[in-house]
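Undergrad: Have a look; sequence and predicted model below, questions after that.
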Amino acid sequence: MTPNAFKLSDLLELHVEDEDGRSLGHVHDVRVHRDGDEAQVEGLIIGRRGLFVRLGWRRGRDPAPVSPHDSLPWDDVLAIEADRLVVRRQINGSH
């Protein structure tokens, strides 16, 4: 898989590691921003809560379906490999 040509569905369930090799979980969803006919990937949803959101399970009183700990900005993606996604090391204990 090359970073310039891939299907978004190829990212689902891909293992996520930071650049130090620390496991962050798996990709459960991809967030895309549409502007007219253009679409741009904004981020990835990872973690257990991200899986719950993907499956449609969330607490009714929870205003934010995904916490900052369960999302990664697309700009943090360093490499897309066949068996994993490598992201920038998180600072301040994120993830």
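TA: Received it, and whenever you're ready, just let me know what you need. Residues are numbered from 1 along each chain as shown.
Undergrad: Strands along the chain, start to end?
TA: With DSSP state E, the ranges of strands along the chain come out as 15-18, 23-35, 38-46, 71-73, 77-80, 84-87.
Undergrad: Identify whichever of those lies nearest to L8.
TA: strand 23-35 (4.9 Å; C-beta to C-beta). C-betas here are computed from N, CA, C, even on glycine.
Undergrad: okay if I get the strands of the chain as JSON lines plus distance to L8, mean pLDDT and mean neighbour count?
TA: Formatted as JSON lines, the strands of the chain follow (distance: least, C-beta to C-beta, whole Å; pLDDT from 0 to 100; neighbours: other C-beta atoms under 10 Å):
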{"stretch": "strand 15-18", "distance to L8": "15", "mean pLDDT": "94", "mean neighbour count": "18"}
{"stretch": "strand 23-35", "distance to L8": "5", "mean pLDDT": "89", "mean neighbour count": "15"}
{"stretch": "strand 38-46", "distance to L8": "7", "mean pLDDT": "89", "mean neighbour count": "16"}
{"stretch": "strand 71-73", "distance to L8": "14", "mean pLDDT": "88", "mean neighbour count": "20"}
{"stretch": "strand 77-80", "distance to L8": "11", "mean pLDDT": "94", "mean neighbour count": "15"}
{"stretch": "strand 84-87", "distance to L8": "12", "mean pLDDT": "94", "mean neighbour count": "19"}
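Undergrad: between those strands, which one is nearest to S9?
TA: That would be, of the strands of the chain and by C-beta to C-beta, strand 23-35, which comes in at 8.6 Å.
Undergrad: quick revisit: which one of the strands of the chain lies nearest to A5?
TA: Across the strands of the chain, A5 has its closest neighbour in strand 77-80 (10.3 Å, C-beta to C-beta).
Undergrad: And the closest one, what does it pack against?
TA: On a contact count with 3 or more C-beta pairs under 8 Å, 6 or more residues apart in numbering; DSSP states H and E, strand 77-80 meets strand 84-87.
Undergrad: what about 10 Å?
TA: When contacts are defined as 3 or more C-beta pairs under 10 Å, 6 or more residues apart in numbering; DSSP states H and E, strand 77-80 sits against strand 15-18, strand 38-46, strand 84-87.
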